[in-house]
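Participant: Provided below for reference: sequence and predicted model.
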Amino acid sequence: MAETTKSKTPKKTTAKKATKAKAPADNTAEAKSRFNAALDEARAGAAALKAEAGVRAGAYREQAREKGTDLVAEAKNYGGELKTKAGDLAVEGKARASDAISSLGKIVGDTATQIDDKVGEQYGDYARKASRSLQEASAKLDSKSVEEIGEDAREFVRKSPGTAVGIAAVLGFLVARMFRR
């Protein structure tokens, strides 16, 4: 009987090993299957998220494009309004400058007789010439449009830039002094 026990024992061991060997293989195949299913599900989820992100990005892109178009239209509208207002202000400023030059010419002309009496006729004649020059400048300013005056200014700057810079500096200084008070 000793032999029978020996022979039975190895058979049981082999049977146990075979059972154990089959279980891990079955578990591995099942784990691989579940893992592959999870990967497929994750890929499908990622594809769905990508599609949703594409749709949302398209919607945001369209909203941004519409907003940009609206802002450009508003900017053009404001630009047109500002251009019109600037033109009106330029015309008003031209009229005021012309009136101021004309008034200054009248004042100089009116004081010419007093200059004749106090200093001499020669200096009175200078005052009358200055008065006529101021009146003529005022008339020229009235007769020109704002665009013509701007073109004349650009031409003056092209011909003598140093003088233009000097005049701008003096005017800037005077304006600064006026606003400082």
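Facilitator: Here it is on my side, so go on.

Participant: Skip the chain neighbours and tell me the closest residue to Asp125.
Facilitator: Ala112 (7.8 Å; C-beta to C-beta, 6 or more residues apart in numbering). C-beta here means a position set from N, CA and C on the backbone, and glycine is covered the same way.

Participant: Determine the longest helix present in this protein.
Facilitator: What stands out as the longest helix in the chain, according to DSSP state H, is helix 2-118.

Participant: quick one: least confident helix or strand in the chain?
Facilitator: Least confident helix or strand, the chain: helix 2-118 with a mean of 81, by mean pLDDT, DSSP states H and E.

Participant: by contact count, what packs against it?
Facilitator: Counting contacts by 3 or more C-beta pairs under 8 Å, 6 or more residues apart in numbering; DSSP states H and E, helix 2-118 packs against helix 121-143, helix 146-159.

Participant: buried residues in the longest one?
Facilitator: Burial within helix 121-143, assessed by neighbour count using 16 or more other C-beta atoms under 10 Å, is assigned to 124, 127-128, 131, 134-135, 137-138, 141.

Participant: Among those, which one sits closest to Asn27?
Facilitator: Lowest distance from Asn27 to these (C-beta to C-beta) belongs to Leu141, with 101.5 Å.

Participant: From Ala53, how far out is that closest one?
Facilitator: 65 Å (C-beta to C-beta, to the nearest Å).

Participant: try Lys94
Facilitator: Distance of Lys94 to Ala53, given as C-beta to C-beta: 59 Å.

Participant: neighbour count winner among these two?
Facilitator: The neighbour count for Lys94 versus Ala53, taken as other C-beta atoms under 10 Å, is higher for Lys94 (16 against 10).

Participant: isn't that one right next to Glu148, touching?
Facilitator: No - if you go by C-beta atoms under 8 Å, Lys94 and Glu148 don't touch, sitting 10.3 Å apart.
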